[in-house]
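[1] Pasted the sequence and its predicted model underneath.
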Amino acid sequence: MRKLRLLLAGTVAAMALSSATAHAERGTDGDLKILFWQAVSTMNPFLSAGTKEVLASSIVIEPLARTDEKGELVPWLAAEIPTVENGGVAQDLMSMVWKLKPDVKWSDGTAFTAEDVIFTWKYCTAPDGGCAQRAQYEGVKNVEAVDPHTVKITFEEPKPYPYSAFVGAQSPIIQAAQFKDCLGTKAPGCTAANFGPIGTGAFVVKDFKPNDVITFAANPNYRDAAKPAFASITLKGGGDAASAARAVLETGEYDYAWNAQVEPEVLQTMMAAGKGRLEISFGTQVERINLNWTNPDPALGDKRSTTEAGPHPALKDPAVRRALSLAIDRDIIVEAGYGQSGKPTCNIVPAPEAVASTKNDSWCLKQDLEAANKLLDDAGWVKGGDGIRAKDGVKLSFLYSTSTNSVRQATQELVKAMWAEIGVDAELRNASASVFFGGDPASPDTFQKFYADVIMYTNNFDGTDPEKYLAEWLCDKMPGPANGWQGQNIPRYCNAEYDKLVGELSKTADLEKRAALAKQLNDMLTEEGAHIPLVHRGDQSSFAVTLEGVRMNSWDSQVWNIADWSRKK
Amino acid sequence: MFTYTLRRLFFAIPTLLIISFVIFALLDLAPNDPTGDLPLTIPPEVREQIRASLGLDQPFLIRYMKWLQQFFINEPLNILESLTGWQFGDGERMRVLSWATRSPVVDLIVQRLPQTLWVVGLAYLFGIMIAIPIGVISAYKQYSIFDQIGTFVSMVGYSVPTFFTGVLLIVIFSSYLQWFPSVYDTNLRVTDFDSFVAQIRQMALPVFVLALYNASQIARFVRASMLDNLHQDYVRTARAKGVKEKAVLLVHVLRNSLIPVVTVIALGVPTVFSGAIITEQVFRVNGLGQLLITAVQGADMPLVQTLTFIFAVLIVLFNLIADVLYGILDPRIRYD
């Protein structure tokens, strides 16, 4: 009898123990339901660089290193982050060596080796492949294996910031064995591989229905035996942002809905149901108004909005550019359109903290109509009978264009009203996003063509280093007929001093000096009025209250640590 | 009749060729770009390479000819191969590939057909089944309470857009009452009674929304057509000869009234295949309608081209079927 009692006590203790550690076992938390309101087209991020494809594929395939939610590099498939200090990056910055984690296995049970890393580079740089992530491998001369678990990358010229190839969700490693016959023009033909890449991640693709639903199962060969907590994932796509947020926050049908791009007050009513929460993280996205430095007058024909057209008759005046910025109340724009997922900003490089400048916050962050009016008065812009300022026959009346989106149209209205207070008129226009951002050289409505006085949109940079991004404002990056309107210097800003500083940045390796240079460049753009930064935009997604372990990340994929996600018991 | 059908089929070939060319030209002229949806962080030179890898750097006519070859020769051969197991040539043929998914367009369409036929097709069927009795009774008892209510409901069903009724039903039945799911699960397989119930539950809302819309439209046609016939001389003759009222209504009047209605129903069948773009989006049914709209938004030209062309084929085909049915239902009409 006593023995029995002991046995019973033992069983109870064992049960108590096992339930306490239940979340530390693979596949115990059932199905994780994810909703993407833009459906996923393919699981191969090299064939489609859309955010949704990069995100979905990051559940399965992984890079050597990721950036965590604080913006710091963490080794992922690599054992450590190579630096100049630990000898991983060569002193002359011409090469770097990645040491891979030794016991990583692909989901099919084969070993993950340096050959896979080399193959990934070959796959993306193969001629005629049209690899969408090619820019990640820019400046890479060669990738070779030192031994099966060591990879050496050689660069064409010194690379002060080498963490681009094989780092982040945009540059994951694919399995050489699976994709060996899919190089170059053969890439699109490998449908089975593109829809179900073999990966090293916590989950494997079980079933893929393009533009509809993906089913994942826990990876039996995942390197951490206790993870993932979920046995499977169902990732459904389609619909719109508001109803996706509702399915998590209000009806509780889903655990996670990506990108809750919905007006703040709508989200508030959904949150009242108490079934979900919003998580926000800030990356480098900035909603800005670009000012056209060239003349967009339709009378100029093909020359309009190019340097040949000459400077913009009104916006060439620095006082006008400064006054347009001073007249804007960024707090109201944030409150109306972005809520918690936006912050007023005067920087084009708003993060990470080390490179975010605060120099212009004093004059630019607060609306100052008096100063703006005075600036225009002093510059000789006089109000006419219609209340619009003019000088030498040039009226301060601007064509203000953007992409079609309810938040953008509301912002346009607000800005128009604010500018009216300083005697500036704006004609509002919008074009469908696929046309506005489409870059079709035959269309007059693309943001590259800039057939308007001011345009508004959001841009950002990948990772945490702004060097490539700041190089977009170089004189020779202006879009124009010569390059098929394919340039990134949309405002047509051109300053020899700026170009020189960018050149300096590309040669500087010291992180502190790089940060100082980046701040200086960022400040130049704001002070000279290449654009008017408005809102530092965050990423906002909705999660069920029962979902634990989420660390919302704007620097990498939002699901970067999905292996750690679990359900609250 | 047979030679007429053959002649019509023969004339359909040049019509369809012209349609395919017009669609292709329109899509090519539209200011859309397959790289337009990509993040702005992708540099322009990479976008150029992507466009080249999609074949966009080739001249318009070559691209059109390639599509013709892929659609009219390669795809049918492929279907024949998979049906019969025969092999033609080396089996390596360029198929029509979607730009967004990089997978064969025909496979995508085959994958989407079931849910569209189930939801949109069933809604069409229900719509017809509801509409005909309502139309008949409304006409027979014109200006009665039943007619007034029927007319009111059809007007509401016809004029309130599906994106409103759909969201309204979700708010009432999914958010508030929680009776039905708001998201359609395309992975659900009906294997036992429980999964059958789950399938019924997830189909209930979208089918209701669409059935209401379809029924309103058809009911108005039936009513109008019945009213036309009820006052004809042959009806009076039949009644005078002592034919039972039931027979007058259901045999004489209904049969004659159905002639124009059948045409309307037949011409509506292609719209079943083109899916219900809005309703499919609202409930995430992800059928052919959703496939088409995502393709349009993502500038996935081969997919838009192929889908639109298949719809064109169906419309031409059902026009023909409607004409032939007309001849069968009404012996006065002879085509030869």
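    Noted; the coordinates are in hand.
[2] Close to chain A: what parts of the stretch 101-250 of chain B are there?
    By CB under 8 Å from any CB of the partner chain, the residues of the stretch 101-250 of chain B that approach chain A are B:101-104, B:107-108, B:111-112, B:167, B:170, B:174-175, B:178, B:181-183, B:185-187. Where you see a C-beta, it was placed from the backbone N, CA and C, and this is true even at glycine.
[3] Now, of those residues, which are buried?
    Using 16 or more other CB atoms under 10 Å in any protein chain shown as the burial test, these include B:101-104, B:107-108, B:111-112, B:167, B:170, B:174-175, B:181-183, B:185-186 as buried.
[4] How about the secondary structure of residue A:144?
    In three-state terms, and counting by DSSP: H, G, I helix; E, B strand; the rest coil, residue A:144 is strand.
[5] same check, this time on residue A:537
    Residue A:537 - assigned by three-state DSSP - is strand.
[6] list the contacts for it?
    Each residue near residue A:537 by CB atoms under 8 Å, 6 or more residues apart in numbering or on different chains is listed here: A:282, A:285, A:286, A:287, A:338, A:341, A:342, A:458.
[7] CSV please, covering the residues you listed and showing distance to chain B.
    Shown next, in CSV, are the contacts of residue A:537 (distance: CB to the nearest CB, whole Å):
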residue, distance to chain B
A:282, 16
A:285, 10
A:286, 11
A:287, 12
A:338, 19
A:341, 18
A:342, 18
A:458, 8
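[8] which ones among these are found in strands?
    By the criterion of DSSP state E, membership of these in strands covers A:282, A:285, A:286, A:287, A:342, A:458.
[9] Is it possible to get JSON lines of the residues you listed that adds distance to residue A:184?
    Shown next, in JSON lines, are these (distance: CB to CB, whole Å):
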{"residue": "A:282", "distance to residue A:184": "39"}
{"residue": "A:285", "distance to residue A:184": "34"}
{"residue": "A:286", "distance to residue A:184": "37"}
{"residue": "A:287", "distance to residue A:184": "38"}
{"residue": "A:342", "distance to residue A:184": "43"}
{"residue": "A:458", "distance to residue A:184": "34"}
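[10] Can you tell me which of the residues you listed lies closest to residue A:383?
    residue A:287 (29.5 Å; CB to CB).
[11] Neighbours of that closest one, how many?
    25 (other CB atoms under 10 Å in any protein chain shown).
[12] doesn't residue A:538 make contact with it?
    No: between residue A:287 and residue A:538 there is no contact under CB atoms under 8 Å: 11.3 Å.
[13] so what sits against both of these two?
    By CB under 8 Å, 6+ apart, residue A:287 and residue A:538 have these common neighbours: residue A:342.
[14] quick one: residue A:372 from chain B, how far?
    Distance of residue A:372 to chain B, computed by CB to the nearest CB, to the nearest Å: 30 Å.
[15] if we can go back for a sec, can you say which of the contacts of residue A:537 are buried?
    Buried members of these, scored by 16+ other CB under 10 Å, are A:282, A:285, A:286, A:287, A:338, A:341, A:342, A:458.
[16] which residues sit in contact with the last one?
    This points to residue A:458. By CB under 8 Å, 6+ apart, the neighbours of residue A:458 are A:285, A:286, A:287, A:288, A:537.
[17] any chance of the residues you listed in JSON lines, plus distance to residue B:86 and pLDDT?
    Listed next are the contacts of residue A:458 as JSON lines, based on distance: CB to CB, whole Å; pLDDT from 0 to 100:
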{"residue": "A:285", "distance to residue B:86": "55", "pLDDT": "94"}
{"residue": "A:286", "distance to residue B:86": "59", "pLDDT": "95"}
{"residue": "A:287", "distance to residue B:86": "58", "pLDDT": "96"}
{"residue": "A:288", "distance to residue B:86": "60", "pLDDT": "96"}
{"residue": "A:537", "distance to residue B:86": "57", "pLDDT": "95"}
